[in-house]
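Asker: with the sequence up front, the predicted model follows.
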Amino acid sequence: MKVTVAGEKKEIEQGTTIAKLIVDEKVENPEYVTVTVNDEFVESDDFETTQLNENDTVEFLYFMGGGAF
């Protein structure tokens with residue numbers, strides 16, 4: 001089935017979970033990644049059970065800290 005991952009169309013297996021996609025896409029620092037599917041945030045506790053569907057759009061987001069000196 002086809003999904004869009006970080007702006008790129010990809011072919012993935014039916015039943016792929018977010019957790020599997022994170023491994024397949026070799027996401028850096030997976031413990032710190034935030035994931036959206038179709039612009040909806042997915043809780044990290046749900047990565048193992050949330051399956052992707054045809055034409056889903058997945059984005060991996062990292063929030064960076066910063067501030068003034």
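Answerer: Great, that's in hand.
Asker: what about the spatially most central residue of the chain, is that helix, strand or coil?
Answerer: Most central in the chain under CA atoms, centre = their mean is Val35, positioned 4.3 Å from the mean C-alpha point. Using DSSP: H, G, I helix; E, B strand; the rest coil, the structure places Val35 in strand.
Asker: which residues touch it?
Answerer: By CB atoms under 8 Å, 6 or more residues apart in numbering, the residues touching Val35 are 18, 22, 41-42, 44, 47, 58-61. Glycine gets a C-beta too; all of them are placed from N, C-alpha and C.
Asker: was I right to think Thr34 contacts Phe47?
Answerer: No. With contact defined as CB atoms under 8 Å, Thr34 does not reach Phe47; the gap is 10.6 Å.
Asker: and these two? Which one has more around it.
Answerer: In this comparison of Thr34 against Phe47, neighbours counted by other CB atoms under 10 Å, the higher total goes to Phe47 at 17 against 13.
Asker: please pick the buried ones from the contacts of Val35.
Answerer: 18, 22, 42, 47, 58-60 (16 or more other CB atoms under 10 Å).
Asker: which among these gets closest to Lys9?
Answerer: For these, the closest approach to Lys9 (CB to CB) belongs to Val58, at 11.3 Å.
Asker: now the closest one: which helix or strand?
Answerer: Element membership of Val58, judged by DSSP states H and E, is strand 57-61.
Asker: what segments of the protein are strands?
Answerer: Listed in chain order, the strands of the chain (DSSP state E) span residues 2-5, 8-11, 34-37, 40-42, 57-61.
Asker: send the alpha carbons of the third one over as PDB?
Answerer: Once non-C-alpha atoms are left out, strand 34-37 reads as follows in PDB (Å, rounded to 0.1, in the frame of the first residue of the first chain):
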ATOM      1  CA  THR A  34       6.900  12.800  17.700                       C
ATOM      2  CA  VAL A  35       4.700  11.400  14.900                       C
ATOM      3  CA  THR A  36       1.700  12.800  13.100                       C
ATOM      4  CA  VAL A  37      -0.500  10.800  10.900                       C
END
